[in-house]
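Chemist: Return atomic coordinates for the entry below.
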Amino acid sequence: MERFILLVLLSVLPILLNAQLDFSEKNRKDVKLLIEMDQRITDGDYEKITSVLIAKQGKLLFEKYYNSTNKTTLRNARSVTKTMATILTGIAIQKGLIISENEKIFKYLNPRQPIKNKDSRKEEISIEDLLTMSSILECDDDNIFSRGHEERMYIIEDWLQFFVNLPVRSYPFSPKPEDSPYGRAMSYCSAGTAALAEVVEAAVKMPLDTFARQNFLNPLEIKDYKFHYTPTGVLNTAGGSEYRSRDFLKMIQVFLQDGQWNGKQIFSKKWVKKATTPKANVREGTDYGYLLWLKSFGMDKKYKAYYMSGNGGQKVLAIPELEAVIVITTTNYGKRKAHQYTDEIMNNFIVPALLKME
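Modeler: Next up, the predicted model:
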């Protein structure tokens, strides 16, 4: 199967990688599943999938690019890069620059005064509230009527001011935090994630892009990328920064390795545990950690996963029980079935193939 890219030696992950699948053994069940997956992607059954990478136990087993892209293509995986805010917060805590996620955001923020919709409860908003998208501010990207909807933010120059000016929300159609699983009511809020960048930047006392390069990208030897910024010049952790698929694989692998990379503790094992433990419920079968989605994948048996997710069905995903990490990128932006497509790829092909791999 010459269309598959098999790697003999590749230092994508911190240990030596080598190709483990022999696609000449066409009767092997794992190979047959991936051949079928490849054919369906190539035939356009899932519209525009652009890359699929699978690694198990630190070994890259499958890598394939589609729709006129290749291993050097920078992927705009949209909200996948929201998780960068979790990573950078964890690093700042590891370095003692932030005491904990329980600190209040206004300890670090200095927005223009006066703040609109003044309410003393705003002073209690914590870093964890932003990491879990469960602050008391009225911000919901899934509700076009929400005052905090991201499309209203993008046309404003000062995104931080946009966020802190929002009114306190009510809960007319969903349970209040105290009546919700884990005691938090989550609503998807890009403005809050963008504000988190400003919190961390103030805490580390340097531009956040510089902090990210020095403490995350350089240690992982991620060299080819394109940052996106807010209109006021802060690293945009609401999403959009572009990386290669192999580098997204590194980003999720470091979580699987309890925050370590090449013997260096990038962020703590404790932070990984916190980030990947349910903090809020999204819907039945899906929970939320610290800007990471929590869901199970598979056919006969489901395996717990945590993952970065973005518009178009993007998935940068780890399955700890299988010691596996997966990257699926697409350009199915705004497609109704986009996440359904990549869920199906995970459930019907990738997880069953991982179970059959030697």
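
Chemist: so what's residue 309 closest to, chain neighbours aside?
Modeler: residue 293 (4.9 Å; Cβ to Cβ, 6 or more residues apart in numbering). C-beta here means a position set from N, CA and C on the backbone, and glycine is covered the same way.

Chemist: Please, which helix or strand holds residue 53?
Modeler: strand 49-56 (DSSP states H and E).

Chemist: What pairs with that strand, parallel or antiparallel?
Modeler: strand 59-65 (antiparallel), strand 324-330 (antiparallel) (DSSP bridges).

Chemist: in terms of contact, does residue 312 touch residue 337 like I think?
Modeler: No - with contact defined as Cβ atoms under 8 Å, residue 312 does not reach residue 337; the gap is 10.8 Å.

Chemist: contacting residues for residue 291?
Modeler: By Cβ atoms under 8 Å, 6 or more residues apart in numbering, the residues touching residue 291 are 82, 83, 85, 86, 131, 133, 193, 275, 308.

Chemist: for the closest residue in space to it that isn't next to it in sequence, what are its contacts?
Modeler: Leaving out its chain neighbours, the residue that sits closest to residue 291 by Cβ to Cβ, 6+ apart is residue 86, at 4.4 Å. Residue 86 sits next to 131, 275, 290, 291, 292 when contact means Cβ under 8 Å, 6+ apart.

Chemist: Scan those residues and report the most crowded one.
Modeler: Within those, most neighbours by other Cβ atoms under 10 Å means residue 131, with 28 neighbours.

Chemist: how much space between that residue and residue 355?
Modeler: 32 Å (Cβ to Cβ, to the nearest Å).

Chemist: distance between the strand holding residue 53 and the chain's centre?
Modeler: 15 Å (Cα atoms, centre = their mean, to the nearest Å).

Chemist: Contacts for it next, please.
Modeler: Against strand 49-56 from outside (Cβ under 8 Å, 6+ apart): 12-13, 17, 20, 37, 41, 60-67, 69, 73, 75, 245-246, 249, 253, 322-332, 341-342, 345, 350, 353-354, 357.

Chemist: ok, now how distant is the residue nearest to residue 157 when sequence neighbours are not counted from residue 52?
Modeler: Among residues not flanking residue 157 along the chain, residue 231 sits closest, at 4.6 Å (Cβ to Cβ, 6+ apart). Noted for residue 231: a distance of 35 Å to residue 52, by Cβ to Cβ.

Chemist: Looking at those two, which one has more neighbours?
Modeler: With neighbours defined as other Cβ under 10 Å, residue 231 and residue 52 compare such that residue 52 has more, 25 against 12.

Chemist: Is the more buried one bridged to anything, and to what?
Modeler: What pairs with residue 52, by the bridge criterion (DSSP bridges), is residue 64, residue 328.

Chemist: Just the pLDDT at it, thanks.
Modeler: We have a pLDDT of 98 for residue 52.

Chemist: What of residue 24?
Modeler: pLDDT, residue 24: 51.

Chemist: residues touching residue 275, list them.
Modeler: Contacts of residue 275 by Cβ under 8 Å, 6+ apart are 86, 90, 131, 255, 289, 290, 291, 292, 306.

Chemist: Likewise for residue 248?
Modeler: 75, 77, 80, 308, 316, 327, 329.

Chemist: Check whether residue 253 sits in a helix, strand or coil.
Modeler: Here residue 253 is recorded as helix under DSSP: H, G, I helix; E, B strand; the rest coil.

Chemist: How many neighbouring residues does it have?
Modeler: Residue 253: 20 neighbours (other Cβ under 10 Å).
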